[in-house]
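>>> dropping the sequence and predicted coords here.
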Amino acid sequence: MEKKNNLHDNFSKRRNDLFMKASKLCTLNGAELALLVFSPGKKAYAFGHSSFESVIDKFLGNKPSPSIHGGTDHHVVANHHGDNISELNKFIDLEKQLKANKKREEVLVQMIQEGQRKNWWQAPIEEMNLEQLLKLEKALKGLKKKIQDELKRQI
């Protein structure tokens, strides 16, 4: 039973990915597309742009039949589950936002890391490694010498 559930879950995820890719193809390239997929449970899922029926009719050379879905430009017929292109477009938008946020995160992490490397001396002493502590000691000794030299010069 568990294997069937895993198979169904995997199919659902892949079906959504496939429909999103099909939607992208239509949106970005103005393609007309009809996609029919059967689940492991033998249920039919269809995607069509501008509609599944109109693309099939065009392919078969038939006169376009009026859409049973009210003539909408985009729709998905998915075994009466109500999946539609606007839901897929929301997923695509969310995917784009997620990718953009991940890129921002990468940039911010890189900036933080570069800042830590450039300003390592501002880190709490407890968080410094041996190399950083030795550099700090050397820098402080150099600073102490400069201060002593400046004091001598002014006196």
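Good, I have the coordinates.

>>> doesn't K4 fall inside a helix?
Yes. Checked against DSSP: H, G, I helix; E, B strand; the rest coil, K4 lies within a helix.

>>> OK, contacts around the residue nearest to it when sequence neighbours are not counted?
Once flanking residues are discounted, K4 sits nearest to P40: 7.5 Å by CB to CB, 6 or more residues apart in numbering. Placement of C-beta: from N, CA and C, glycine included. Residues in contact with P40 (CB atoms under 8 Å, 6 or more residues apart in numbering) are K4, L7, H8, F11.

>>> not counting its neighbours along the chain, what's nearest the last one?
Ranked by CB to CB, 6+ apart and with sequence neighbours excluded, the top spatial neighbour of F11 is S39, at 5.4 Å.

>>> the one you found contacts R14, doesn't it?
No. Using CB atoms under 8 Å as the test, S39 is too far from R14 to be in contact (10.3 Å).

>>> looking at those two, which is more packed in?
S39 (14 against 11; other CB atoms under 10 Å).

>>> what does that one show for phi and psi?
phi -80, psi 170 (degrees, to the nearest 10).

>>> show me what contacts it?
Counted by CB under 8 Å, 6+ apart, S39 has contacts H8, F11, R15, Y45, N79.

>>> let's go with 10 Å and repeat that
Applying CB atoms under 10 Å, 6 or more residues apart in numbering to S39 gives the contacts L7, H8, F11, S12, R15, Y45, N79.

>>> ok, and the most crowded of the contacts of P40?
Result: F11 is most packed of those (other CB under 10 Å), 17 neighbours.

>>> okay, and that residue sits in which element?
Element membership for F11, per DSSP states H and E: helix 2-29.
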